[in-house]
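Chemist: Predicted coordinates and the sequence they were generated for:
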Amino acid sequence: MPDDLVNMHGVPVLVCTADGRTLRNEQDALDVIGDAFGHQARWVAVPAARLDDAFFRLNTRVAGDIMQKFVNYGIGMAVIGDISPHTTTSPALRSLVLESNRGRHIWFVKDIDDLHNRLKER
């Protein structure tokens, strides 16, 4: 199933499928960002299952590298899904999620409806 462009309150969002390629590094992020530009999306919804486990271990710097690419290219990134198994064991990750969710570029949301509601409030 291919990724799908969805309009959420006037915001074009590229909704990635759960069965796509795992995002492991900056190049994987750039590939998704390129897809977003090709679809003229302003946000990308990435299922948490598509993120390599290293993303959730902040000492690997994978999360920072991937998130920074999205910010640099002006594309919002929403991580969709339950990441509580990771945040429960990592206070640093829990803090990152809280800070990111206060911002305008990277969000961690429980499901696509949550993203829809956040974009509605923008």
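Modeler: Sure, I can see it. Computed from a predicted structure; not experimentally measured.
Chemist: you'd agree Leu14 is in a helix?
Modeler: No: assessed with DSSP: H, G, I helix; E, B strand; the rest coil, Leu14 is strand; it does not lie in a helix.
Chemist: Distance check, it against Ala78.
Modeler: Here the criterion is CB to CB, to the nearest Å. By it, Leu14 lies 10 Å from Ala78. Using the backbone N, CA and C atoms, a C-beta is placed for each residue, glycine as well.
Chemist: Could you pull out the residues contacting both of the two?
Modeler: The contact sets of Leu14 and Ala78 overlap at 43-45 (CB atoms under 8 Å, 6 or more residues apart in numbering).
Chemist: Helices - which of those land there?
Modeler: Of the shared contacts of Leu14 and Ala78, none are assigned to helices by DSSP state H.
Chemist: Low-confidence ranges, the chain, go.
Modeler: Residue ranges of the chain with pLDDT under 70: 1.
Chemist: pull the longest helix from the protein.
Modeler: Assigned via DSSP H, the chain shows its longest helix as helix 26-39.
Chemist: List the neighbours of that one that are in contact with it.
Modeler: The contact list for helix 26-39 (CB under 8 Å, 6+ apart) reads 3, 5, 12, 14, 16, 21-23, 42-44, 46, 65-66, 69-70, 73, 75.
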